[in-house]
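> Got a predicted structure here, sequence first:
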Amino acid sequence: MLYTVVDLLGVIAFAISGVLVAMEKRLDLFGVGIIALVTSIGGGTLRDLLLGYAPVDWMRHPHIVYVILLTTTLAVLFQSRLKNLRTSLFLFDTIGIGLYTLVGIEKGLDAGLSPVICIALGTITACFGGVLRDILCNEIPVIFRREIYASACIAGGGLYFLFVAAGLSAVYAYVGGIAAVILIRLLAVRFGIGLPNLYRNPAG
Amino acid sequence: MLYTVVDLLGVIAFAISGVLVAMEKRLDLFGVGIIALVTSIGGGTLRDLLLGYAPVDWMRHPHIVYVILLTTTLAVLFQSRLKNLRTSLFLFDTIGIGLYTLVGIEKGLDAGLSPVICIALGTITACFGGVLRDILCNEIPVIFRREIYASACIAGGGLYFLFVAAGLSAVYAYVGGIAAVILIRLLAVRFGIGLPNLYRNPAG
Amino acid sequence: MLYTVVDLLGVIAFAISGVLVAMEKRLDLFGVGIIALVTSIGGGTLRDLLLGYAPVDWMRHPHIVYVILLTTTLAVLFQSRLKNLRTSLFLFDTIGIGLYTLVGIEKGLDAGLSPVICIALGTITACFGGVLRDILCNEIPVIFRREIYASACIAGGGLYFLFVAAGLSAVYAYVGGIAAVILIRLLAVRFGIGLPNLYRNPAG
């Protein structure tokens, strides 16, 4: 029950982030809806395709599609109020990537894959909706340039396997992994922590 | 027989639309051929992947690939004459999306999916070749910004399920769905009907 | 054994080409790593998805992922020395596309597909990592505009089937196909041979 509510909050936060990027590009209603859908379910779809699970998740659970389309409609109607939700949206999004990361890891484990591949699947689930959103909007994906985002998924996923190796029960390790992703992202944003700079000269 | 002819006209129209976009970007012969292929078979390929049908359709029916490559060659050779075909190409393309929409819906029904998901699959079949074409050419997909196109597929797909619910036989509903997509698109273009504007300020 | 070494050289060359493009776009460490991974394994992943082989290749052979991540780390650390490796990288890359083309063709034959489709699969295996790299970096794929690259894969793949038709044993035809791709690319670059120009006016 709690799981479903949290999951829906993540879906909604991802959909709204899609609406915001799409409206900045002045797409029409169809375009905005597609970008919202892709942002929400793109990561899970790529994960399912790579694993060979088909029909992919959202095709077997159409209620997710309804939630996203409803969210899109509301976000478009109340677009001027979205700014006030900035903090809530950031929190939902962060919870979303924490949850999605562990969902992806679990699916990888079910398929008998090695930890590194499971962490990759978790990161794909959490982050590639946003990557597809940015590609469709003709931008370099923001998570390739921004501070800690996908890195939080990778680190939290790594901690999950550490928790399991340390003997934690499955449920505690799972919840701990989600919490780790969320905390790492929150702390990174709060204290302005980023990845080490690769470049000697300042950006031209 | 009629079905095959109509299907080929759609494939040809999609391929030529790919050639035109690719040549505007001054791609080389290989690039033009790839864009023509992707435009024609990209939507069906994505649909097959999402459904878990593999090897995907065109791999089992290579004659489609021959038709597209022949079309590309002719379109490149007679590029200066393509302008005169503008109206025919528009018609073929419109017939193509009508047909592809219902082909996608039928494949979704065969897989036991719900109507909303089937309509999504139909729209993907009809429209995502064009989306992939535009992404490969580094453009925001034109169907995210243009008047009625994907919306005609969605509306026509919805009408198909209405026809079935109203008791029409499978064949009539199928043909009626195709006709609905085509008519909606033709009427929208003829009378300049678009989606409602989402934006208060004019585009900057 | 030789096969594995050559395969790894190809993977490394592709990964470094990804690092170079990603660093030109000033992506962060995560972005650079993803682009390196996508460039190296993107083509094989698309091939496996189209064929319905899942979990896809790299998920079952995680050591490839380690090699790519190690390559990325070294390439970032020694970025200033990469220029001196230009010729080696060009050679590795050329060997890589030769090898990948025949790997793709073989997988297509295993799936019972026709020669034209097998050549398409070989070309996808060799070239679509680079296409995905360029799309993620918001560029029109360089192989759609550059001289002979994918065309070498297509021609070499065609020669493979010619060798088989001419009665060569499987191994000789395979090695001959790889050599053909490599030679065609080397000769095309050496003598500045390109595809015929499609455009009457010079590029504006």
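Right, received. Where do you want to start?
> Correct me if wrong: residue A:72 contacts residue A:17.
No - applying CB atoms under 8 Å as the test, residue A:72 and residue A:17 come out as separate, 11.5 Å apart. Every residue, glycine included, has its C-beta placed from N, CA and C.
> by contact count, what packs against the helix or strand that contains residue A:65?
Assigning secondary structure by DSSP states H and E places residue A:65 in helix A:63-77. If you count contacts as 3 or more CB pairs under 8 Å, 6 or more residues apart in numbering or on different chains; DSSP states H and E, helix A:63-77 packs onto helix A:2-24, helix A:29-51, helix A:57-60, helix B:115-136.
> which other residues reach it?
Applying CB atoms under 8 Å, 6 or more residues apart in numbering or on different chains, the set of residues contacting helix A:63-77 from outside is A:8, A:11-12, A:15-16, A:18-20, A:23, A:29, A:32-33, A:36-37, A:40-41, A:57-58, A:82, B:116-117, B:120, B:198.
> at 7 Å what do you get?
By CB atoms under 7 Å, 6 or more residues apart in numbering or on different chains, the list of residues contacting helix A:63-77 from outside reads A:8, A:11-12, A:15-16, A:19, A:32-33, A:36-37, A:40-41, A:58, A:82, B:116, B:198.
> ok so, going back, in JSON lines, list the helices and strands packed on helix A:63-77 along with distance to residue C:146, mean neighbour count and mean pLDDT.
Listed next are the helices and strands packed on helix A:63-77 as JSON lines, based on distance: least, CB to CB, whole Å; neighbours: other CB atoms under 10 Å in any protein chain shown; pLDDT from 0 to 100:
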{"stretch": "helix A:2-24", "distance to residue C:146": "31", "mean neighbour count": "20", "mean pLDDT": "86"}
{"stretch": "helix A:29-51", "distance to residue C:146": "28", "mean neighbour count": "25", "mean pLDDT": "95"}
{"stretch": "helix A:57-60", "distance to residue C:146": "38", "mean neighbour count": "20", "mean pLDDT": "91"}
{"stretch": "helix B:115-136", "distance to residue C:146": "15", "mean neighbour count": "25", "mean pLDDT": "95"}
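> Tabulate these (JSON lines), appending distance to residue C:181.
As requested, these are arranged in JSON lines below (distance: least, CB to CB, whole Å):
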{"stretch": "helix A:2-24", "distance to residue C:181": "40"}
{"stretch": "helix A:29-51", "distance to residue C:181": "27"}
{"stretch": "helix A:57-60", "distance to residue C:181": "39"}
{"stretch": "helix B:115-136", "distance to residue C:181": "23"}
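> Out of those helices, flag the one nearest chain C.
Put simply, out of the helices and strands packed on helix A:63-77 the one that sits nearest chain C is helix A:29-51, at 5.4 Å, with distance taken as CB to the nearest CB.
> could I have that closest one exported to CSV, CA atoms only?
Extracted in CSV, the C-alpha atoms of helix A:29-51 (Å, rounded to 0.1, in the frame of the first residue of the first chain):
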residue,chain,number,x,y,z
LEU,A,29,-0.6,19.0,-26.3
PHE,A,30,0.3,15.6,-27.9
GLY,A,31,4.0,16.3,-27.7
VAL,A,32,3.7,17.3,-24.0
GLY,A,33,1.8,14.1,-23.3
ILE,A,34,4.3,11.9,-25.0
ILE,A,35,7.2,13.5,-23.2
ALA,A,36,5.5,13.1,-19.9
LEU,A,37,4.9,9.4,-20.7
VAL,A,38,8.4,8.8,-21.9
THR,A,39,9.9,10.5,-18.9
SER,A,40,7.9,8.4,-16.5
ILE,A,41,8.0,5.0,-18.1
GLY,A,42,11.0,5.2,-20.5
GLY,A,43,13.5,3.9,-18.0
GLY,A,44,11.5,0.9,-17.0
THR,A,45,10.7,0.2,-20.6
LEU,A,46,14.4,0.1,-21.6
ARG,A,47,15.1,-2.1,-18.6
ASP,A,48,12.4,-4.5,-19.6
LEU,A,49,13.6,-4.6,-23.2
LEU,A,50,17.2,-5.3,-22.2
LEU,A,51,15.9,-8.1,-19.9
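> Does it reach chain C?
Yes - with CB under 7 Å from any CB of the partner chain as the threshold, helix A:29-51 lies in contact with chain C, specifically through A:49, A:50, A:51.
> elements contacting that helix?
Counting contacts by 3 or more CB pairs under 7 Å, 6 or more residues apart in numbering or on different chains; DSSP states H and E, helix A:29-51 packs against helix A:2-24, helix A:57-60, helix A:63-77, helix A:86-110, helix A:115-136.
> Now do the last one against helix A:2-24, angle only.
Following axes from the mean of the first three to the mean of the last three CA atoms, to 10 degrees, one obtains 30 degrees for the angle between helix A:115-136 and helix A:2-24.
> Show me what helix A:115-136 is packed up against.
Secondary elements touching helix A:115-136 (3+ CB pairs under 7 Å, 6+ apart): helix A:2-24, helix A:29-51, helix A:86-110, helix A:150-165.
> just the shortest one next, same as before
For helix A:57-60, the contact count by 3+ CB pairs under 7 Å, 6+ apart identifies helix A:29-51 as packing neighbours.
> and the angle from the helix it packs on to helix A:63-77?
Compare the direction of helix A:29-51 with that of helix A:63-77 by the same axes, to 10 degrees and you get 150 degrees.
> And residue A:182, which helix or strand is it part of?
Using DSSP H and E, residue A:182 falls within helix A:170-190.
> Which neighbouring elements make contact with that helix?
Based on contacts counted as 3+ CB pairs under 7 Å, 6+ apart, the elements that helix A:170-190 packs against are helix A:86-110, helix A:150-165.
> Let's have the ones you listed in CSV, adding mean pLDDT, mean neighbour count and distance to residue B:173.
CSV is the format used below for the helices and strands packed on helix A:170-190 (pLDDT from 0 to 100; neighbours: other CB atoms under 10 Å in any protein chain shown; distance: least, CB to CB, whole Å):
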stretch, mean pLDDT, mean neighbour count, distance to residue B:173
helix A:86-110, 91, 21, 37
helix A:150-165, 96, 22, 46
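> Which one of those lies nearest to residue B:188?
Comparing the helices and strands packed on helix A:170-190 by their distance to residue B:188 (CB to CB), the top pick is helix A:86-110, with 34.4 Å.
> so how far is chain B from residue A:87?
Noted for residue A:87: a distance of 25 Å to chain B, by CB to the nearest CB, to the nearest Å.
> Which residue lies nearest the spatial centre of chain A?
What sits nearest the mean C-alpha location of chain A, by CA atoms, centre = their mean, is residue A:126, with 3.1 Å.
> List the residues that contact that residue.
By CB under 7 Å, 6+ apart, residue A:126 lies in contact with A:43, A:97, A:100, A:101, A:104, A:153.
> List just the nearest of these to residue C:194.
Of all the contacts of residue A:126, residue A:43 has the smallest distance to residue C:194: 39.5 Å, by CB to CB.
> show me the contacts for that closest one.
Contacts of residue A:43 by CB under 7 Å, 6+ apart are A:100, A:124, A:125, A:126, A:127, A:128, A:129.
> hmm, try it at 6 Å
Residue A:43 sits next to A:124, A:125, A:128, A:129 when contact means CB atoms under 6 Å, 6 or more residues apart in numbering or on different chains.
> that older thread, of the contacts of residue A:126, closest to chain C?
When the contacts of residue A:126 are compared for distance to chain C, the smallest value, 9.8 Å, is given by residue A:153; criterion: CB to the nearest CB.
> got the contact list for that closest one?
Taking CB under 6 Å, 6+ apart, we find residue A:153 in contact with A:97, A:101, A:122, A:123, A:126, A:181.
> If we use 10 Å, what do you get?
The neighbourhood of residue A:153, defined by CB atoms under 10 Å, 6 or more residues apart in numbering or on different chains, consists of A:97-98, A:100-102, A:104-105, A:119-120, A:122-127, A:143, A:177, A:180-181, A:184-185, C:30.
> what's the answer for residue A:168, then?
Shown here is residue A:168, whose contacts under the criterion CB under 10 Å, 6+ apart are A:160, A:162, A:174, A:175, A:176, A:177.
> Could you dump the residues you listed into TSV with distance to residue B:67 added?
Listed next are the contacts of residue A:168 as TSV, based on distance: CB to CB, whole Å:
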residue	distance to residue B:67
A:160	50
A:162	55
A:174	51
A:175	55
A:176	56
A:177	51
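> That concludes my questions; thank you for your assistance.
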